[in-house]
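J.: sequence unavailable; structure follows:
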C-alpha cells in the first residue's frame, strides 16, 4: 500500500545511493568506541552503516528494520566491508529474540507516535542489566530545520519524553544539542537533536 511507512522506506532505500551515507553516525561511533566489544542490537537500522561499523570493531551485530530494501542495502554494505551482520526484516513491536544484548544503538529511529513509547520500551527489554544504550534522534525543535527528520512534532523528542520512554536507565549523557549533520544526502545541515547514553540498572 502506498502512503504507509513501509512503502515510504522501501521506496527511499531502493535508490542505488546510500541515502544516509556509509559512515556511522558520529555520536554512535564515539560512544561505541568507549565500550568493550560484545553483542549489540540495532533497531530501525536501515541501510546498515552503524551495523557495519560495529561489526568492523568486533561486535556481534544483530539488526532489524521494517524495510526489505533497507536490508538489501545493509547486506551489500556488509559484503563490501567483509563483515557479517544478522539482519531481520520486522517491525519494532514484532521483533523478538531469546537473548539480551550488551549494547543497543538507536539512531534516528522515529517510530509512529501512536506506538513509539510501547516500541521503545519493548526494545529496552532486550538490553542486559548493566548494558549500554546509545541514542541520537531529532528533538522537537528540528521542525524549523531542513536537515531531515519527520515533519510531525509528535514523532520528535523532548528530554521529558526520553525519561518516560526509557525507564530504568542511568544516564551518563542526556542532552539536547544543535549540531551540524553530514550524513549522506538527506541528513545535511544544522539539526536539533537529543542524545543520550544510558546504562540499564
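T.: Looks like it came in fine. Remember, it's a predicted structure, so these values are computed and weren't measured experimentally.

J.: which residue ranges of this structure form helices?
T.: 5-13, 26-32, 49-56, 68-80, 116-124, 159-165 (DSSP state H).

J.: now distance to residue 194, mean pLDDT and mean neighbour count too, for those helices, in a markdown table please.
T.: From N, CA and C alone the C-beta is placed, and that goes for glycine too. Below are the helices of the chain laid out as a markdown table (distance: least, C-beta to C-beta, whole Å; pLDDT from 0 to 100; neighbours: other C-beta atoms under 10 Å):
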| stretch | distance to residue 194 | mean pLDDT | mean neighbour count |
| --- | --- | --- | --- |
| helix 5-13 | 21 | 81 | 15 |
| helix 26-32 | 11 | 98 | 18 |
| helix 49-56 | 17 | 98 | 25 |
| helix 68-80 | 23 | 97 | 18 |
| helix 116-124 | 13 | 97 | 18 |
| helix 159-165 | 6 | 97 | 15 |
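
J.: make CSV from the ones you listed and add distance to residue 185 to it.
T.: Converted to CSV, the helices of the chain look like this (distance: least, C-beta to C-beta, whole Å):
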stretch, distance to residue 185
helix 5-13, 11
helix 26-32, 17
helix 49-56, 13
helix 68-80, 14
helix 116-124, 26
helix 159-165, 28
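
J.: ok, for residue 141, nearest residue in space, not its chain neighbours?
T.: With C-beta to C-beta, 6 or more residues apart in numbering as the criterion, residue 141 has its nearest non-adjacent residue at 3.8 Å, and that residue is residue 192.

J.: that neighbour: neighbour count?
T.: 20 (other C-beta atoms under 10 Å).

J.: now it: how far from residue 146?
T.: Distance, residue 192 to residue 146, using C-beta to C-beta, to the nearest Å: 12 Å.

J.: relative to residue 177, which of the helices of the chain is closest?
T.: Residue 177 lies closest to helix 26-32 among those, at 9.3 Å (C-beta to C-beta).

J.: ok, back up a step: ok, which of the helices of the chain comes nearest residue 135?
T.: helix 159-165 (7.7 Å).

J.: chain center to the closest one: distance?
T.: Distance of helix 159-165 from its chain centroid, counting by C-alpha atoms, centre = their mean, to the nearest Å, is 17 Å.

J.: helices and strands around that helix, which ones?
T.: Counting contacts by 3 or more C-beta pairs under 8 Å, 6 or more residues apart in numbering; DSSP states H and E, helix 159-165 packs against helix 116-124, strand 169-183, strand 187-200.

J.: so residue 46 sits against residue 66, correct?
T.: No. With contact defined as C-beta atoms under 8 Å, residue 46 does not count as touching residue 66 (9.8 Å).

J.: who's more crowded, the two?
T.: Each of residue 46 and residue 66 has its neighbours counted (other C-beta under 10 Å); residue 46 has more, 26 against 21.

J.: what are the phi and psi angles of the more buried one?
T.: With angles defined as degrees, to the nearest 10, residue 46 sits at phi 60, psi -130.
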